[in-house]
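**Q** Sequence and predicted structure below; questions after.
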Amino acid sequence: MQIIDNKAVVFKTRNPGKYSVIPKSRVVGEVENGIYEVAVYWGLDEARVLRNLGVKKIPSPIVARYDWPGRYKPFSHQVETASFLTLHRRAFVFNDPGTGKTMSALWAIKPWALTIFPMLLVINPLYPSASSENISSFRVLSCFSIGFSRTCLSIFSQPS
């Protein structure tokens, strides 16, 4: 798989007709006996369709074409998490505590906040104020909710 000028993804396949459902795609040509190269515009919708059609390791366009707004610059694991979230319309993020899951989610939804992701639910049993500060300072969403449980807090604060 190859990314061309941050605009198109080119990959090899035995069944080029399968990708004709993508409007911005074309068969480049036959490179070997029965193996074809297909070029597809590298947009979010196209990347999602390619992933659904079984193209392995299709990167999200957020990796190359994004300005990463906000007070902080992302670490590589946050870029990977944001990329994952852009390619999956519904997802859970079970990264370790303190790894910037909330910021990764905000970076993932910012370009499409008003069209694709109108709401965000953050469940943070220990530090709801930290998540709330991140979300409100990011100024992406007008609607968000922080889940908080005193039961979880008491479980985590008990000495073992």
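**A** Nice, I can see it.
**Q** which residues of this protein fall in helices?
**A** Using DSSP state H, the helices of the chain run over 44-52, 76-87, 101-109, 128-138, 150-157.
**Q** Could I get the buried residue list for the second one?
**A** In this case it means helix 76-87. For helix 76-87, the neighbour count (16 or more other Cβ atoms under 10 Å) marks Q78, V79, E80, T81, A82, S83, L85, T86, L87 as buried. C-betas here are computed from N, CA, C, even on glycine.
**Q** care to break the protein down by domain?
**A** For the chain, automatic domain parsing gives the domain ranges 2-59, 76-157.
**Q** ok so, going back, between the buried residues of helix 76-87, which sits nearest T13?
**A** L87 (19.1 Å; Cβ to Cβ).
**Q** how many neighbours does the closest residue to the closest one other than its chain neighbours have?
**A** Spatial nearest neighbour of L87, chain neighbours left out: S60 (5.2 Å); criterion: Cβ to Cβ, 6 or more residues apart in numbering. By the criterion of other Cβ atoms under 10 Å, S60 has 23 neighbours.
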